[in-house]
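1. Structure for this input, please:
(chains A, B, C and D)
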Number of protein chains: 2
Amino acid sequence: MSLPHALLTSLLEKPCTGAELARRFDKSIGHFWHATHQQIYRELGKLEERGLIAARGLATARGSQRHFDVLEQGRTELERWSSLEADPQPMRAALMVRLRAAAVLGTVDMTHEIARHQVLHHTVLEQYRDIEASDFPPGIAASTADELRLAVLRAGIVLEEAWLAWCQETLAGHKDSKV
Amino acid sequence: MSLPHALLTSLLEKPCTGAELARRFDKSIGHFWHATHQQIYRELGKLEERGLIAARGLATARGSQRHFDVLEQGRTELERWSSLEADPQPMRAALMVRLRAAAVLGTVDMTHEIARHQVLHHTVLEQYRDIEASDFPPGIAASTADELRLAVLRAGIVLEEAWLAWCQETLAGHKDSKV
DNA sequence: ATATCCATGTAACGTGTTACATGATTGT
DNA sequence: ACAATCATGTAACACGTTACATGGATAT
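-> Numbers count the residues shown, from 1 in each chain, chains lettered A, B, ... in the order given. Model (predicted):
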């Protein structure tokens, strides 16, 4: 149930329209909580009904832009939610299901797919590292808010590094076993 | 769309009833693809309809056990699916959403929650390491199937280590900044 | 003006969650 | 026989995905 709160967060950072929200989402929070534009519009509608956000102006014609602001009640709700305890949820990695399937089938070679994932993870990792270098240069005292934003980015980096290391050790293990 | 294939995999490893599947799921594939027993019964029903699995015997009374086997067609479908290319999906980590919320709110302290997650990840990591030590003792030549099963376990270990390292560096960073 | 694109929205469906109901099984 | 428990299942709803439709904005 994080999507409405992710939207509130993004709107607090900068009020905007649904479409812009969808675009920005893909580049920030979306790395940790993906959503399609349809989900976003639906949730924006619910948040508006609940009085947590409001659209600027009055026009409600179908194709016209609706610019949303977070209301005081929305901020309160976000504070309440972010203060709750919430355990980490088990990840969902289809590749692991496929590896176990390959193990029991005995007829499927997964090395190519692992190598392909290795490249993909490497690419994402490079992107994250670029962001880290440009947005958080070393040696500069950062605000608490910036520290938190860096922490989120660091989580992305650390996890991509983990996946990359796993791809490498797994491919190396297979190679060894074939010698 | 991995759940039916995760069930096929688990049933190929050992045919069983829905309830046993649910229990075994929590201890193996479930670490990478969680499902409740209701989801499992629903998917078993669909797999049966599609002719991929079959229940032993005929009894269909409501509370009686139904023991499932994978049919040839199910095996074929699992082979087909596990051979497809499938990109890694973005993870969903509510904690990251909450950190960004805390960053923009400026009124919520997340250090306790991060420390709590650190303990949780540590506990899971210990469990995985125990399994590794008992099920995959070093120096023993393993079959390809065992290598794949170990690879899945290793992914769990590597990722939990990454989360743990992230918790540590994040808490350390906050502490430094307060000095 | 009209073709094209974009922002918004609807519809239908699949997947995941929660609460609860019913028939079998087990223990006393 | 009766209570407690277990395996299976139903129902209702929330969340996520895909395909498509409509109205406004833009460019020629």
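2. Find the nearest non-adjacent residue to A:D87, please.
-> B:L120 (6.3 Å; Cβ to Cβ, 6 or more residues apart in numbering or on different chains). To be clear about C-beta, it is placed using only N, CA and C from the backbone, and glycine gets the same treatment.
3. surely that neighbour meets A:Q89?
-> No - with contact defined as Cβ atoms under 8 Å, B:L120 does not count as touching A:Q89 (11.2 Å).
4. centre of the chain versus the helix or strand containing the residue nearest to A:D87, how much separation?
-> Here B:L120 sits within helix B:111-135, counting by DSSP states H and E. Per Cα atoms, centre = their mean, to the nearest Å, the displacement of helix B:111-135 from the mean C-alpha position of its chain is 15 Å.
5. ok, now stretch A:77-85?
-> 19 Å.
6. Is any residue of it near DNA strand D?
-> No - against DNA strand D, stretch A:77-85 shows no contacts by Cβ under 7 Å from any atom of the strand, the least distance being 11.6 Å.
7. do you know how far A:E43 is from chain B?
-> With the distance defined as Cβ to the nearest Cβ, to the nearest Å, A:E43 ends up 13 Å from chain B.
8. That residue against A:M1, yeah?
-> No - A:E43 lies out of contact with A:M1 (Cβ under 8 Å); the separation is 10.5 Å.
9. And those two? Which one has more around it.
-> Between A:E43 and A:M1, A:E43 has the larger neighbour count (other Cβ atoms under 10 Å in any protein chain shown), namely 20 against 7.
10. Quick one: the strands in chain A, in order.
-> A:16-17, A:53-55, A:67-70 (DSSP state E).
11. what's the closest of the ones you listed to B:E147?
-> strand A:16-17 (49.3 Å; Cβ to Cβ).
12. other SSEs contacting the longest helix along chain A?
-> Identified as the longest helix of chain A according to DSSP state H is helix A:144-178. Judged by 3 or more Cβ pairs under 8 Å, 6 or more residues apart in numbering or on different chains; DSSP states H and E, helix A:144-178 is in contact with helix A:111-135, helix B:94-105, helix B:144-178.
13. Show me which positions of the shortest one end up buried.
-> Using 16 or more other Cβ atoms under 10 Å in any protein chain shown as the burial criterion, the residues of helix B:94-105 that qualify are B:A94, B:L95, B:M96, B:V97, B:R98, B:L99, B:R100, B:A101, B:A102, B:A103, B:V104, B:L105.
14. Need the pLDDT of A:T60.
-> Note for A:T60: predicted pLDDT of 58.
15. Same check on A:H174?
-> Value for A:H174, per-residue pLDDT: 68.
16. can you tell me how far A:K14 sits from DNA strand D?
-> 20 Å (Cβ to the nearest atom of the strand, to the nearest Å).
17. show me what contacts that residue?
-> A:R24 (Cβ atoms under 8 Å, 6 or more residues apart in numbering or on different chains).
18. ok, back up a step: now mean neighbour count and distance to DNA strand D too, for the strands of chain A, in JSON lines please.
-> Output for the strands of chain A, formatted as JSON lines (neighbours: other Cβ atoms under 10 Å in any protein chain shown; distance: least, Cβ to the nearest atom of the strand, whole Å):
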{"stretch": "strand A:16-17", "mean neighbour count": "17", "distance to DNA strand D": "12"}
{"stretch": "strand A:53-55", "mean neighbour count": "19", "distance to DNA strand D": "14"}
{"stretch": "strand A:67-70", "mean neighbour count": "18", "distance to DNA strand D": "12"}
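19. Relative to A:L125, which of those is closest?
-> Per Cβ to Cβ, nearest to A:L125 of these: strand A:16-17, 28.8 Å.
20. Residues touching that closest one, excluding its own?
-> Contacts of strand A:16-17 (Cβ under 8 Å, 6+ apart): A:R24, A:Q65, A:R66, A:H67, A:F68.
21. Among those, which one sits closest to B:D146?
-> A:R24 (45.4 Å).
22. right, and A:W163 touches A:H117 too?
-> Yes - between A:W163 and A:H117 there is a contact at 7.3 Å, judged by Cβ under 8 Å.
23. got any residues that touch both of the two?
-> Common neighbours of A:W163 and A:H117 (Cβ under 8 Å, 6+ apart) are B:P88.
24. Point out where chain A drops to low pLDDT.
-> For chain A, the stretches with pLDDT under 70 are A:58-63, A:174-179.
25. Domain map for chain A?
-> A:3-82, A:94-178 (automatic domain parsing).
26. near DNA strand C at all, the last one?
-> No - using Cβ under 7 Å from any atom of the strand, no contact is recorded between domain A:94-178 and DNA strand C, whose separation bottoms out at 10.1 Å.
27. circling back: would you mind putting the domains of chain A into JSON lines with distance to B:Y128 alongside?
-> Putting the domains of chain A into JSON lines (distance: least, Cβ to Cβ, whole Å) gives the following:
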{"stretch": "domain A:3-82", "distance to B:Y128": "23"}
{"stretch": "domain A:94-178", "distance to B:Y128": "13"}
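28. about what we covered before: closest one to DNA strand C among the strands of chain A?
-> DNA strand C lies closest to strand A:16-17 among the strands of chain A, at 3.4 Å (Cβ to the nearest atom of the strand).
29. Pull up the pairing partners for the closest one, direction included.
-> strand A:67-70 (antiparallel) (DSSP bridges).
30. Could you look over the helices and strands packed on helix A:144-178 and pick the most buried one?
-> Mean neighbour count (mean count of other Cβ atoms under 10 Å in any protein chain shown) peaks for helix B:94-105 among the helices and strands packed on helix A:144-178, with a mean of 24.
31. Contacts for that one next, please.
-> Contacts of helix B:94-105 (Cβ under 8 Å, 6+ apart): A:2, A:5-6, A:8-9, A:12-13, A:28-29, A:31-33, A:75, A:78-79, A:81-82, A:86, A:88-89, A:144-146, A:148-149, A:151-152, A:155, B:108-110, B:113-114, B:117.
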